[in-house]
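1. structural data only, the sequence is not supplied:
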């Protein structure tokens, strides 16, 4: 059964009108969206194949607003779906028809920039790129850089533990968050961490980052700022086979070089990007690596020489060094517009599996085999340094049943990733999309231990419910837990 | 002293946990016991050592990843990594000199359970940040795993990182998977002598704000400086401020010169080359500056901006020596002659500044019992107890090790 049909089953009884009445008492009229046209803007996120019209959308302007909304949700036992900019590729922000969508986009103020502490405190709806932009002139930046960084919010990044091309060197969101302010399911305001390193006691931040809005609604985040490098430039290498490209990446890392990013594109991806962005990518190669180094001009050039020396063992047929900022920008423009470029050709489902690098060529040929069986075309783009694959499976959204078929094809690819020793999602999150695939990676006890954490924070299971955990397993778990706690109290 | 339990495989460990649970007993979870002196201790707990869980189960240098069973000695892990010029980048602390115990002990499980990262944490992150996968058995006797061998993994809640700094109170880790980094090809350190604390912190902050990737930024007061400088350089009777750079020799030459120019207003910067530089940071990692003293030792994480003011307030109230790591974000304070080791003053001041204070060693002057870990506010304590009850409802694993009732 596909995600969509399951969603239909989940439509529960209508929300009492008194919820709207209570919301109107604490929020201004322009903070509540109820009309059909307004609600339609929130019916999906970047997983556009699934749309569900929400019951009501609220636009809090402060942590206190969020707390008051949570208290109403708690009073009526109505679910809440938190939403940043709605850029989730996994359906993390897709509403439920019986939920209050809590859209944080109006909470878009940078509250404090503290360069001495190398930290910034920002409201949840501040965009990822706005943080770097605010400190750029002072020589700092915020490191995680998901492709959607122009529009995605820090709250969404915290929820999904977002990564990006440059996390090979700087880590993902969980490595770059110092503290959060969080509203619990019952409307309590809690703070975790702060503008210091390594919080006291249990590491609640490690749970909250990546919890996909299931443990609370993050309203503020304190992020780690880093000193900007003097410069950064990429090098392009083209290979005749995927194996050569993969082996070259392994050799670079194995020999002690850690570029800030290593990106891999296969032939279909190269072609789409080149046609779209005219980045000067070679069209006669099977695989392309973009390898970026940071430092002074001399340092970058020295690194390039080392990499070219290592790469020569793998017979690169195309080598190009970006020697100016413009050339560097053109190379990155091609890569960063990859999803859009392929989107111009066809609808696609973007996968997000991770594999150990040593299994690369095996996994790539298997992906082609799987997609051939389904008669889908596939483009592969991935963060090669950390093994994060983004196969884009192209399909015809207008053909009945195609989405269900492409979902099945994607599931087979993710199963392949897990069997190779990897995981089902490296940076997009589970959301709705991969909820039922969690059992590929985890056994029931693993998931029960995770669900106990959710139960602690969200005893009534109202925070972004129906995401992350397989529905039936979650229902069985909640039934078992409630009967065992009844037993304890009896 | 009760007999030590020594499980060999998961099945043994699970049986021991379930047996303790059935009998209403509790267990003290140990590796080699190198950090047994830190935190709370209960005589009631039956000691259980993971030292026989010893094996490197996976090492893929080209993927920067190593997995090992939890009782694997750190010396063995380091031996493996050395052959590929890789390392655990967070420079974990070695307490052997502080506690006068035999050096070279410590297991990989206890390293992560306690999450004590050293000077390089400033640039490269903590032990917790590098813990990418865990297999564990919780207090219910359930085996579970989280994370894995790939460094990007956002499927489900990150229970692996939750194990870091949980001091074995939630689950017993049986295997850990760690993200590694290549060892920097060379290093150097720049020393400034005799700076006042606030000026020194300003110098460190200026250095960290450059693009030159400062991987160590400490200021040691006069008394603390001496043991760290022995064998490193001519010891002056002055405080020392140290800035470490790690890179290729050519980059070091360039970057150190840039920092020298930038910090020239702070005084003369002395260039310390590799063997001596390495020795200095090894002394830091071994807490040489705090060893062989009768003082109480505090480790305090706080905001670098507030560090100097907090330290000044503390020094006014308590007979103490203060040194700084992480560019001011970590304070090491030794106190003497106070019954509560300065606990009430230190914790009040740090709570106001933001952060927390851990008592590493009580010293010889202590007469009052003090909670080693910074007390939590009621909301966090409630969540902490809640989390404990989810993983270990019967309180079998290290009960009371961190806090009363946890």
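-> Done, it's in. Just so it is clear, the model here is predicted, and its values are computed rather than measured. Numbers count the residues shown, from 1 in each chain, chains lettered A, B, ... in the order given.

2. show me what secondary structure element comes after the helix or strand of chain B with the lowest mean pLDDT.
-> Ranking every helix and strand in chain B by mean pLDDT, DSSP states H and E puts helix B:222-229 at the bottom, with a mean of 91. Downstream of helix B:222-229, the next assigned helix or strand under DSSP states H and E is strand B:240-247.

3. what's near enough to touch the residue nearest the centre of chain B?
-> Nearest to the mean C-alpha position of chain B, counting by C-alpha atoms, centre = their mean, stands residue B:116 at 1.2 Å. When contacts are counted by C-beta atoms under 8 Å, 6 or more residues apart in numbering or on different chains, residue B:116 touches B:35, B:92, B:93, B:127, B:299. No exception for glycine: its C-beta is placed from N, CA and C like everyone else's.

4. of these - the most surrounded one?
-> residue B:127 (27 neighbours; other C-beta atoms under 10 Å in any protein chain shown).

5. centre of the chain to the least confident helix or strand of chain B, how far?
-> Taking C-alpha atoms, centre = their mean, to the nearest Å, the mean C-alpha location of helix B:222-229 is offset from the chain mean by 20 Å.

6. likewise for stretch A:250-260?
-> Distance, centroid of stretch A:250-260 to centroid of chain: 25 Å (C-alpha atoms, centre = their mean).

7. so what touches that stretch?
-> A:166, A:168-170, A:229, A:232, A:262, A:291-294, A:303, A:306-307, A:310-311, A:313-314, A:357-358, A:385, B:61-64, B:84-86, B:181-183, B:185.

8. find the nearest non-adjacent residue to residue A:429, please.
-> Nearest residue to residue A:429 in three dimensions, chain neighbours excluded: residue A:160, at 3.9 Å (C-beta to C-beta, 6 or more residues apart in numbering or on different chains).

9. wasn't residue A:378 part of a strand?
-> Yes: according to DSSP: H, G, I helix; E, B strand; the rest coil, residue A:378 belongs to a strand.

10. need the pLDDT of it.
-> Residue A:378 is assigned 95 on the pLDDT scale.

11. surely it touches residue A:395?
-> No: using C-beta atoms under 8 Å, residue A:378 makes no contact with residue A:395, being 10.1 Å away.

12. that older thread, what about the contacts of stretch A:250-260, which are in strands?
-> Mapping the contacts of stretch A:250-260 onto strands (DSSP state E) picks out A:232, A:262, A:291, A:292, A:293, A:294, B:86, B:181, B:182.

13. may I ask which two of those residues are separated the most?
-> Using C-beta to C-beta, the ones in strands among the contacts of stretch A:250-260 reach their maximum pairwise distance at A:232 and B:86, which is 24.0 Å.

14. more crowded one of these two?
-> Neighbours were counted for residue A:232 and for residue B:86 using other C-beta under 10 Å; residue B:86 has more, 22 against 19.

15. which other helices and strands does the least confident helix or strand of chain B contact?
-> Using 3 or more C-beta pairs under 8 Å, 6 or more residues apart in numbering or on different chains; DSSP states H and E, the elements in contact with helix B:222-229 are strand B:240-247, helix B:274-285, strand B:320-325.

16. show me the contacts for the nearest residue to residue B:340 once chain neighbours are set aside.
-> Leaving aside its sequence neighbours, residue B:340 sits nearest to residue B:368 (C-beta to C-beta, 6+ apart; 4.6 Å). Listed by C-beta under 8 Å, 6+ apart, the contact partners of residue B:368 are B:339, B:340, B:343.

17. kindly report the same for residue A:108.
-> By C-beta under 8 Å, 6+ apart, the contact set of residue A:108 is A:123, A:125, A:126, A:127, A:130, A:153.

18. counting neighbours, what do you get for the fifth one?
-> By the criterion of other C-beta under 10 Å, residue A:130 has 17 neighbours.

19. for the nearest residue to it once chain neighbours are set aside, phi and psi?
-> Among residues not flanking residue A:130 along the chain, residue A:110 sits closest, at 7.1 Å (C-beta to C-beta, 6+ apart). Residue A:110 adopts backbone torsions of phi -80, psi 120, taken as degrees, to the nearest 10.
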